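Asks: Sequence first, then the predicted structure, then my questions.
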Amino acid sequence: MPPTYADLRAQPSILDFALCVRSKRLYPPCDGKGGMTTGPSEIPDDILAWIESRVRVRGPVPLVDQMFQHGRHYHECALRCLELRGDGQTFLFPPALVLLAFVVEIYLKSLLAAEGKTGKDLHGHHHGDLYGRLSAETQAAIAERYQQRHGKTLADDLPGYADLFVKHRYAYELEGSHETDMSGVAQLASSLYEVVTEIRSDLIQSGLVHDRITAQNQGIPIIIGS
């Protein structure tokens, strides 16, 4: 059963929803009766007024906030790919790997934006290039957290992760055998998440997703109900 507007009111993601309304990029929301509407004109007036008032109070959402939330959403998707939900189901390892690689990219760009970088510094998919544009202090914080989480040196491991997103999103084009430390990529994603939220603790949304992202074990199967 889809959530009602009352449910949407209670969710932090309502601000994302409101931004979609304001920019006319609305995904079909719930109509409160189990159905779906097709655009802002079909949202009840009181709900639309409430959403728009929330947007006015908050004002424009900073780029760092937008980028971090974008990465967090994909991070949640990656975790869901690692879930085993029942009999006859399987783990979606290849999509999880691509999503995690993309998450690393977005979190790196979030940190670059937080440091005031703009334009071309926020472009590209290569993790090594993006990491290299960060300040020495931020690089050290990431490397330290990765060492604590994964017990390995990021300088040694990063070259192996750097172009995963570009290569593995078209995995069927790869030739020969390919080995990837999925746990390492996942630990890097979680390390970056933690570095961003240390700088901006207001970006943390407490709950299951946050708890899973910050758990010690990463990149491993998740058995639902166990």
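Replies: That came through, no problem. No experiment lies behind these values; they were computed from the predicted model shown.

Asks: Mind jotting down where the strands sit in this protein?
Replies: For the chain, the strands defined by DSSP state E occupy 83-84, 222-223.

Asks: residues making contact with the first one?
Replies: Residues outside strand 83-84 that contact it (Cβ atoms under 8 Å, 6 or more residues apart in numbering) are 90-91, 221-224. Just so you know, the C-beta spots here come from the backbone N, C-alpha and C atoms, and that holds for glycine as well.

Asks: 7 Å - rerun?
Replies: 91, 221-224 (Cβ atoms under 7 Å, 6 or more residues apart in numbering).

Asks: likewise stretch 120-135?
Replies: So stretch 120-135 is contacted by 104-105, 108-109, 111-113, 115, 117, 139, 158-159, 161-163, 165-166 (Cβ under 7 Å, 6+ apart).

Asks: got the buried residues for it?
Replies: Buried residues in stretch 120-135, counted by 16 or more other Cβ atoms under 10 Å: 121-122, 125, 127, 130-131, 133-134.

Asks: Okay, and which of the residues you listed map to helices?
Replies: Of those, the ones assigned to helices by DSSP state H are 127, 130-131.

Asks: Asp46: which of the residues you listed is nearest?
Replies: Leu130 (43.9 Å; Cβ to Cβ).

Asks: Quick check: the gap between the closest one and Glu115.
Replies: 12 Å (Cβ to Cβ, to the nearest Å).

Asks: Angles on the backbone of the nearest residue to Asp163 once chain neighbours are set aside, please.
Replies: Among residues not flanking Asp163 along the chain, His126 sits closest, at 6.0 Å (Cβ to Cβ, 6 or more residues apart in numbering). His126 adopts backbone torsions of phi -70, psi 120, taken as degrees, to the nearest 10.

Asks: Give me the distance from the biggest helix by length in the chain to the chain's centre.
Replies: For the chain, the helix with the greatest residue count under DSSP H is helix 93-114. The chain centroid and the centroid of helix 93-114 are separated by 7 Å under Cα atoms, centre = their mean, to the nearest Å.

Asks: Mind listing what's buried along it?
Replies: Going by neighbour count (16+ other Cβ under 10 Å), the buried part of helix 93-114 is 95-114.

Asks: Okay, the residue nearest to Asp163 and Lys167: tell me how far apart.
Replies: 11 Å.

Asks: do the same with His73
Replies: Distance from His73 to Lys167, counting by Cβ to Cβ: 23 Å.

Asks: Identify the residues contacting Arg212.
Replies: Applying Cβ under 7 Å, 6+ apart, we find Arg212 in contact with Leu79.

Asks: Residue ranges in the protein under the pLDDT threshold?
Replies: The chain contains residues with pLDDT under 70 at 1-42, 55-59, 85-88, 224-226.

Asks: No further questions, thank you.
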